[in-house]
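what's the 3D shape of this:
(2 chains)
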2 protein chains.
Amino acid sequence: MVWSGVLDKYGSYLPLASAARIITLNEGNTPLVESNRLAEFVAPGAGLKLYFKYEGLNPTGSFKDRGMTAAITQAVFEGANTVICASTGNTAASAAAYAARSGLRCLVLVPEGKIALGKLAASLAYGAEVISIDGSFDDGLKMVREIVKRKPIALVNSVNPWRIEGQKTGAFEICDQLGGVAPDWHCLPVGNAGNITAYWMGYQQYEQGLPRLLGAQASGAAPIVSGKVVTSPETVATAIRIGNPARWREAVQALDDSGGTITAVTDEEILNAWRLLAKMEGLFVEPASASGLAALMKLVNDGEVDPTGKRIVIVLTGHGLKDPGIAVREAAEPLKLPADINALEAYLE
Amino acid sequence: MVWSGVLDKYGSYLPLASAARIITLNEGNTPLVESNRLAEFVAPGAGLKLYFKYEGLNPTGSFKDRGMTAAITQAVFEGANTVICASTGNTAASAAAYAARSGLRCLVLVPEGKIALGKLAASLAYGAEVISIDGSFDDGLKMVREIVKRKPIALVNSVNPWRIEGQKTGAFEICDQLGGVAPDWHCLPVGNAGNITAYWMGYQQYEQGLPRLLGAQASGAAPIVSGKVVTSPETVATAIRIGNPARWREAVQALDDSGGTITAVTDEEILNAWRLLAKMEGLFVEPASASGLAALMKLVNDGEVDPTGKRIVIVLTGHGLKDPGIAVREAAEPLKLPADINALEAYLE
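Coordinates of the predicted model:
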């Protein structure tokens, strides 16, 4: 079958109008990469089957494209000319791309100095009007929720239900890729909590079993774990640097209903997991994406998750190329050599 | 069918030993995105069917992964412990990732100060030993070809025939995605000329028709177009900043056999095509990837390519996130606003 995007494949599971013209970049169909080395490292001898859903291989480099195809398709269907969102960067890039493809004007609000280089670069390249505000993501979200009451602009943050409708296709794909069954555990980062809400909706609707959900927050931005709003969230994982998640209630419900749990991991734990993914599996991700592995390692270590014989899926939400600065900062400097074969030979000896 | 990489899917077309354990990151299966707006812009009223093969959605963000899975699989099969390559950046990142996945030591030689940020960052993250040389890609290639004669190290540049064997699967996929037929024209950037060599091999072997090949070189790095080695190649399209292609002869043969052509495009034409891809189609690519579109636009304009009723595929070789600096340099600065709804409303009026 030729892949033409998540709405072409799974549209019958969404309440789309049949007259809607699908706006797609052939998103979805991302690899479910089986662990080659980390499963044994995380849980030696446990027979753990560990999989990585590599959502960074969506068109704009993050999981956001699944929901954005639905949100922009619906916005065009309803006659919108302009779309807007607040973003830590991934939503901005995705909205900008799908708006460009359909000829819509796109405005994105980002927290000043707090979005990763790749995300800013992409949003600018796609031609969005990037507005840097002297406030947090949460401040930006308040602003865009208000402005759409005053102006005829479509809001494409994940408070837009079409975003969740499109996003839930990730759960369908995982079940299909596992041969018609849900995993035992599903681990993912939790920022604004749209993704965890969508996955839970998807697993329920697809009826191929239900995983327990393991949510990961960064310890400097862990409102759901601590049970209170974080006014100045801070973490290296900028994609989940959110202090007051819009889908907080839904996330808690999904965690409870699934018999799952949510935990906070430190920036150090996140960066350690980030290094392990790249160096042991060849999977380069943005820091937030490593929080799922960090959380799993923590709970396996604490005995809260029993990995024995389990099938566990970790969602890698965004590509490492989104945040090249982290790699340059965390890694060793390149070695410099003259363009001389003898210098190279000497280095090798 | 669950996708498990190009060797799983197309292995029967390659001379792999049956005992070889496949090293894969589930590369390939990249979208063939149909043009929504550019086809009509490039050739108004011509009924052109224009497609983009979005190879930037491979695991390391470029087309190189198709060949690297084969080269690393073979290197492991032959008992290698260390691999090496010279690179403008994409080969380095790909070699580093597949080496990490299989536990091999990886050395990459890159021209100092001349590789895009995303490529350097990724290679470092995957744990490769990145060696910056005070010379060009061509100098680096000479060095690695020599060192593997002196040391037991596997060379994974595209002079390694396994790279071409894996890379040719791109042609198979395009035919499959077009419903069992090759396009009329196949446009792609030409740097070291491994990719054009591989695609032509693939189309011939798959026997679903043969496209005419349209090669694109940057005018500051156009040895095949000009018929002479370029000693100091220079272009914004760093991925094809190569003055003495290793597969020069094969590229010329493929161009001739296909009834195709090769042309040079200026950096200005490349950046214009780069903007059009992002702003009209939502496809963010590295500059070299835009050279195929730039070349097509030039030759359609000159009357050398007749687009009427044709099916034309342009290979987008690498993701825009590979080179975020270009976008930041070429685009408008983000606008700054206070985190205040009235400021946003005033901006909109």
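
closest point of the stretch 1-150 of chain A to chain B, which residue?
Nearest residue of the stretch 1-150 of chain A to chain B, counting by Cβ to the nearest Cβ: A:Gly135, 2.9 Å away. C-beta here means a position set from N, CA and C on the backbone, and glycine is covered the same way.

Around chain B, which positions in the stretch 201-349 of chain A sit nearby?
Neighbours of chain B within the stretch 201-349 of chain A, by Cβ under 8 Å from any Cβ of the partner chain: A:274-275, A:278-284, A:319-322, A:324-328, A:330-332, A:334-341, A:344-345, A:347-348.

Just the buried residues from those, in ChimeraX please.
To isolate the buried members of these in ChimeraX, using 16 or more other Cβ atoms under 10 Å in any protein chain shown:
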select /A:274,275,278,279,280,281,282,283,284,319,320,321,322,324,326,327,330,331,334,337,339,341,344
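
Which members of the residues of the stretch 201-349 of chain A next to chain B are positioned in helices?
Counting by DSSP state H, these place A:274-275, A:278-281, A:324-328, A:330, A:341, A:344-345, A:347-348 in helices.

would you list every one of the strands in the stretch 1-150 of chain A?
Under the criterion DSSP state E, counting those that start in this stretch, the stretch 1-150 of chain A contains strands at A:32-34, A:49-54, A:82-86, A:105-111, A:129-133.

which residues does the closest residue to A:Ala251 other than its chain neighbours contact?
Using Cβ to Cβ, 6 or more residues apart in numbering or on different chains and skipping the chain neighbours, the partner closest in space to A:Ala251 is A:Ala193 (3.9 Å). Neighbouring residues of A:Ala193 by Cβ atoms under 8 Å, 6 or more residues apart in numbering or on different chains: A:Ile224, A:Pro245, A:Ala246, A:Arg247, A:Trp248, A:Glu250, A:Ala251.

mind pulling up the phi and psi values for the last one?
Note on A:Ala251: its backbone torsions stand at phi -60, psi -40 [degrees, to the nearest 10].

What count of nearby residues applies to it?
Per other Cβ atoms under 10 Å in any protein chain shown, the neighbour tally for A:Ala251 reads 24.

repeat for the second one
Using other Cβ under 10 Å as the criterion, A:Pro245 is surrounded by 28 other residues.

Domain ranges for chain A, per the record?
A:6-61+A:163-329, A:64-158 (automatic domain parsing).

thinking again about what came up before, return the most buried member of the strands of the stretch 1-150 of chain A.
When you average the neighbours per residue for each of these (mean count of other Cβ atoms under 10 Å in any protein chain shown), strand A:82-86 leads with a mean of 26.

can it be found next to chain B?
No - judged by Cβ under 8 Å from any Cβ, strand A:82-86 stays clear of chain B, getting no closer than 8.7 Å.

elements contacting that strand?
Judged by 3 or more Cβ pairs under 8 Å, 6 or more residues apart in numbering or on different chains; DSSP states H and E, the packing partners of strand A:82-86 are helix A:64-77, helix A:90-102, strand A:105-111, helix A:137-150, strand A:154-155.

Out of those, which one sits most buried?
When the helices and strands packed on strand A:82-86 are compared using mean count of other Cβ under 10 Å, helix A:90-102 is most buried, at a mean of 30.

Could you tell me the angle between that helix and strand A:129-133?
Orientation check (axes from the mean of the first three to the mean of the last three Cα atoms, to 10 degrees): helix A:90-102 against strand A:129-133 gives 160 degrees.

the inter-axis angle of helix A:90-102 versus strand A:82-86?
With the same axes, to 10 degrees defining the directions, helix A:90-102 sits at 170 degrees from strand A:82-86.

picking that back up, any chance of the domains of chain A in TSV, with mean pLDDT too?
What follows is the domains of chain A, written out as TSV (pLDDT from 0 to 100):
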stretch	mean pLDDT
domain A:6-61+A:163-329	97
domain A:64-158	96
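
what's the most buried one of those domains?
domain A:64-158 (a mean of 24).

for it, how far is the first residue from the last?
In domain A:64-158, first residue to last residue: 9 Å (Cα to Cα, to the nearest Å).

Pull the distance from that domain to the chain's centre.
16 Å (Cα atoms, centre = their mean, to the nearest Å).

ok, A:Pro152 to A:Val144 distance?
14 Å (Cβ to Cβ, to the nearest Å).

Likewise for A:Ile262?
For A:Ile262, the distance to A:Val144 - Cβ to Cβ - is 26 Å.

go on, A:Ala100?
19 Å.

With A:Trp248 instead?
18 Å.

One more: A:Ala92?
A:Ala92 is 11 Å from A:Val144, by Cβ to Cβ.

Need the strands of the stretch 1-150 of chain A in CSV (columns: distance to B:Ala125).
Compiled in CSV, the strands of the stretch 1-150 of chain A are given as follows (distance: least, Cβ to Cβ, whole Å):
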stretch, distance to B:Ala125
strand A:32-34, 16
strand A:49-54, 15
strand A:82-86, 29
strand A:105-111, 24
strand A:129-133, 26
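
In contact with the nearest residue to A:Leu178 once chain neighbours are set aside: list those residues for me.
Distance criterion Cβ to Cβ, 6+ apart; nearest residue to A:Leu178, sequence neighbours excluded, is A:Arg311 at 6.8 Å. Contacts of A:Arg311 were listed using Cβ under 8 Å, 6+ apart, and they are A:Lys49, A:Tyr51, A:Leu178, A:Val181, A:Pro183, A:Asp184, A:Trp185.
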